[in-house]
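J.: below is the sequence, then the predicted model.
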Amino acid sequence: MRLRALVAMALVLTIAPAIPALAEDSPAPPAASASPPVSPPAAPGGQETPAPPPATPPPPLPKLEAGLASDDDGARVIVELAAPAEAAPVAGEARQLPDAEVVLEPADTSFIVVEGTGDSLAKLAEDPRVLSIRRDRTYSPTSLGALSSGTLATSLQVIGADKAHAGGTKGQGQTIAIIDTGIDAAHPDFGGKVVEQACFSATDGGAQSLCPNGQTSDPASADAKTPACLNGQVNLCDHGTHVAGIAHAVAPDADIVAIQVFSRINDCADEGGVCLTAFESTLLLALEHVAKLKEGGRNIAAVNLSLGGGLYEGACDAEPELAAMKTRVDDLRAKGVAVVAAAGNEGVPGAGAPGCFSGPVTVGATGDDDTVPYWSNHGPVLDLFAPGLEIDSAVPGGGHQVYSGTSMSAPFVTGALALVAQKTPGAPDALADRLKTTGRPIVYGTVTTPRLDLNAAIAGGTPAPPVTQTPLPEEPADPPSGSEDPSDEPSEEPSEQPSEEPSPEPGSGPSPSATPSDPVPTPVPLPTVTITVTVTVPPAKTAAAPTVCTRGKSTRTLSAAQWAAEATRGKGRITDATLGCYLGLVTKASKVFAEVTPAATAAAAYKVLKPAKKTARAKLESELLAAWLNWANGGVNFTAKIKETATLKTVLTSVEKARLKGSSPAASTSMLKKQVNARRSA
């Protein structure tokens, strides 16, 4: 059975929330009323008026996620069950189905992981013990890259951690959990504070376990120095140690629980190369493990998630495919564990899961001068900013490295929560509110987000004066190479006849080269959790910062044929690195191209943009991908009016829903071609 290639994310250690996955806004539930119910008025003659018929309940959501039933290639899915006791019998049923395989059957949890074709999954969904079947998505780390200079001490001073330490508050009696790529527990920076470790790692579909024992789980170790973590001289698993080092620097007396959730992929996105990715199923197991440790008496104040998947503009609580993760996050909060999530490094007003949930403390990045870097996600979905620019912290083997990214910002807050919990114990939301109400206001546009001020939170001081950043965080005037606007090229309209000529050689896709031209250091990509986490690792370490991946600044849109030319080696004006960045953004924001039709590489995108057979589905997907690329290139924004009352966001949401259900309406194809992808100003 062939599974679709995993979407590789650039090793810019970016595990932060991405832009909203285009979920339609759900209407708010009606406010509860304290008034007693009003009796219906009596009818003339003293007879009671018949009660109105009861409202028809909404139809139940389908068990099988849209698009899975028509997937003939096979997909890796999470089968959510009514209770843990149902796992074994349902797994037994799945094994009897043709073209289905049970790849993970965790003990004492209410889900299993199955690989199967659409027909077999549809049959499994008929079992009343099955609550839902959804794709086992992936997540990535949220850091941006290695730099050659930087200091952690100055950032600790910026947030007032040095003053808190001088006052005797260092996190005594508290524990922080780091769910990431493992840890070098023997690193001298930690001083023996790593008290517990565990590992959950997928081993199927081309994935190699990163657990020290080589199995799908290791209850005793999250060692980041195992042979599977090494790619030549590069340690692929250094992200977790770096993140833990920051949290420990903020809370040096707190204990550390390290949990590894990533897997190694040796052929990422059909492009070759090595990357790390974390599946949703392993992340769910890690969250459940933290909950069990808390129940068992471990005083865990906060858990750090410097990883993320998808792109959401606002809260994603209502997204059906994220319900299981949200449940685990809410369960931890109910048990007294604060959840901290990195926002992501796409430079957009939003975040990825789990940062897009309303429950976690979602963190963006600032420099030590309180400037928001252009690559940090921002906007109302964020709860706090914290230092994330040029942070020097521990890496496996006893050394140190300087990384930037919201992955680095989140552990400042995780450590801060441990200190606040020591000083004034309380519920997670109360601790987070204390950090938010005492933080220094950072004002940008119409949004104000506080920057962490730990000393004010502990000492009870008033917030520092606001800092106003105008305009919004934006890329430097001298952007990374590849930001050219290709829309000045002559228009090349697609032929309506099937192409008989061989396809030109596609571009090399997302293999960005290190470019030290940015005046602002590039963030390290968060480990991707798509609800599979994928981090692409460069072949060798370099002191130069990799090119950051953010939306472009074009003022025009391109046709599908023009984008096909951009995906052809030697013909387009956009560099391979920039095109790879755009395709990475598209696969985060789109459900069709992340889960149904591969488009993560230039070669795959070319086949979509210029299909050999012009079927209705192929035409729709060609225009849909072009629309997404125009968004990534900056030629059109989500808020742009496409029709009288419809914005680009609502249009893409509607078209993707139709495609996931197997429909390819010609009207949608025409509308995307004429209203979105025609040459015009943004």
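T.: Received the coordinates, thanks.
J.: which helices and strands sit right next to the helix or strand where Gly352 lies?
T.: Secondary structure assigned from DSSP states H and E places Gly352 in strand 351-353. Applying 3 or more Cβ pairs under 8 Å, 6 or more residues apart in numbering; DSSP states H and E, one finds that strand 351-353 makes contact with strand 309-312. Every C-beta, even on glycine, is put in place using the N, C-alpha and C of the backbone.
J.: by contact count, what packs against the strand it packs on?
T.: Using 3+ Cβ pairs under 8 Å, 6+ apart, the elements in contact with strand 309-312 are strand 138-147, strand 351-353, strand 524-531, helix 576-589.
J.: for the strand holding Gly352, what is the average pLDDT?
T.: In this model, strand 351-353 has a mean pLDDT of 92.
J.: before we move on, what about stretch 605-614?
T.: According to the model, stretch 605-614 has a mean pLDDT of 90.
J.: likewise stretch 442-455?
T.: 94.
J.: quick check: which element contains Met408?
T.: Element membership for Met408 (DSSP H and E) is helix 406-423.
J.: immediately after that helix, which helix or strand?
T.: By DSSP H and E, the next helix or strand past helix 406-423 is helix 428-438.
J.: neighbouring contacts of the helix or strand just after that following helix?
T.: Note on helix 428-438: by DSSP H and E, the next helix or strand toward the C-terminus is strand 440-444. The contact list for strand 440-444, computed with Cβ atoms under 8 Å, 6 or more residues apart in numbering, reads 366, 370, 372, 378, 385, 448-451, 453, 463-473.
J.: ok, of the helices and strands packed on strand 309-312, where does mean pLDDT dip lowest?
T.: For the helices and strands packed on strand 309-312, the weakest mean pLDDT is recorded on strand 524-531, namely a mean of 46.
J.: the contacts of strand 440-444 in helices, which ones?
T.: When the contacts of strand 440-444 are checked against helices (DSSP state H), there are no matches.
J.: what segments of the stretch 501-650 of the chain are helices?
T.: Secondary structure of the stretch 501-650 of the chain (DSSP state H, counting those that start in this stretch): helices at 560-566, 576-589, 592-595, 602-609, 616-632, 648-660.
J.: list the buried ones in the longest one?
T.: Along helix 616-632, the positions that meet the burial threshold by neighbour count (16 or more other Cβ atoms under 10 Å) are 617-632.
J.: keeping just the C-alphas, turn it into PDB.
T.: C-alpha atoms of helix 616-632 as PDB (Å, rounded to 0.1, in the frame of the first residue of the first chain):
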ATOM      1  CA  ALA A 616     -12.900  18.600 -14.600                       C
ATOM      2  CA  ARG A 617     -11.100  17.700 -11.400                       C
ATOM      3  CA  ALA A 618      -7.700  18.500 -12.900                       C
ATOM      4  CA  LYS A 619      -8.900  21.900 -14.100                       C
ATOM      5  CA  LEU A 620     -10.300  22.800 -10.700                       C
ATOM      6  CA  GLU A 621      -7.100  21.700  -8.800                       C
ATOM      7  CA  SER A 622      -5.000  23.700 -11.300                       C
ATOM      8  CA  GLU A 623      -6.800  26.900 -10.600                       C
ATOM      9  CA  LEU A 624      -7.100  26.200  -6.900                       C
ATOM     10  CA  LEU A 625      -3.400  25.700  -6.500                       C
ATOM     11  CA  ALA A 626      -2.700  28.900  -8.500                       C
ATOM     12  CA  ALA A 627      -5.000  30.800  -6.200                       C
ATOM     13  CA  TRP A 628      -3.100  29.500  -3.200                       C
ATOM     14  CA  LEU A 629       0.200  30.400  -4.800                       C
ATOM     15  CA  ASN A 630      -1.100  33.900  -5.500                       C
ATOM     16  CA  TRP A 631      -1.900  34.200  -1.800                       C
ATOM     17  CA  ALA A 632       1.500  32.900  -0.800                       C
END
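J.: by how many degrees do it and helix 602-609 diverge?
T.: 120 degrees (axes from the mean of the first three to the mean of the last three Cα atoms, to 10 degrees).
J.: please apply the same query to the last one.
T.: Between the axis of helix 648-660 and that of helix 602-609 there is an angle of 80 degrees, by the same axes, to 10 degrees.
J.: please state the offset of helix 648-660 from the chain centre?
T.: 20 Å (Cα atoms, centre = their mean, to the nearest Å).
J.: do the fourth one as well
T.: Distance, stretch centre to chain centre, for helix 602-609: 24 Å (Cα atoms, centre = their mean).
J.: and that helix, which residues are buried?
T.: So helix 602-609, judged by 16+ other Cβ under 10 Å, has buried residues Ala602, Ala603, Ala604, Ala605, Tyr606, Lys607, Val608, Leu609.
J.: which strands or helices does it pack on?
T.: helix 560-566, helix 576-589, helix 616-632.
J.: ok, which of these comes nearest Ala351?
T.: Ala351 lies closest to helix 576-589 among these, at 11.1 Å (Cβ to Cβ).
J.: got the CA positions of the closest one in CSV?
T.: Written as CSV, here are the backbone C-alpha positions of helix 576-589 (Å, rounded to 0.1, in the frame of the first residue of the first chain):
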residue,chain,number,x,y,z
ASP,A,576,13.6,27.4,-6.2
ALA,A,577,14.0,28.3,-2.5
THR,A,578,11.2,30.9,-2.7
LEU,A,579,8.9,28.6,-4.7
GLY,A,580,9.6,25.9,-2.1
CYS,A,581,8.7,28.3,0.7
TYR,A,582,5.4,29.2,-1.0
LEU,A,583,4.5,25.5,-1.5
GLY,A,584,5.3,24.9,2.1
LEU,A,585,2.9,27.7,3.1
VAL,A,586,0.2,26.3,0.8
THR,A,587,0.5,22.8,2.2
LYS,A,588,0.0,24.2,5.7
ALA,A,589,-3.0,26.4,4.8
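J.: so which bits of that helix are buried?
T.: Using 16+ other Cβ under 10 Å as the test for burial, helix 576-589 gives 576-589.
J.: closest to Ile159 among these?
T.: Lys588 (29.5 Å).
J.: surely that closest one is in contact with Gly310?
T.: Yes - with contact defined as Cβ atoms under 8 Å, Lys588 counts as touching Gly310 (5.8 Å).
J.: who are the contact partners of Ile179?
T.: Applying Cβ under 8 Å, 6+ apart, the residues contacting Ile179 are Ile259, Val261, Leu283, Ala286, Leu287, Val290, Val303, Asn304, Leu305, Leu307.
J.: go through those and say which is closest to Val79.
T.: Leu283 (16.2 Å).
J.: where does the stretch 1-150 of the chain dip in pLDDT?
T.: For the stretch 1-150 of the chain, the stretches with pLDDT under 70 are 1-61, 140-150.
J.: now the end-to-end length of stretch 124-133.
T.: For stretch 124-133, the first-to-last residue distance is 9 Å (Cα to Cα, to the nearest Å).
J.: to clarify, my last question referred to stretch 606-619.
T.: This stretch, stretch 606-619, spans 13 Å end to end (Cα to Cα).
J.: thank you, goodbye.
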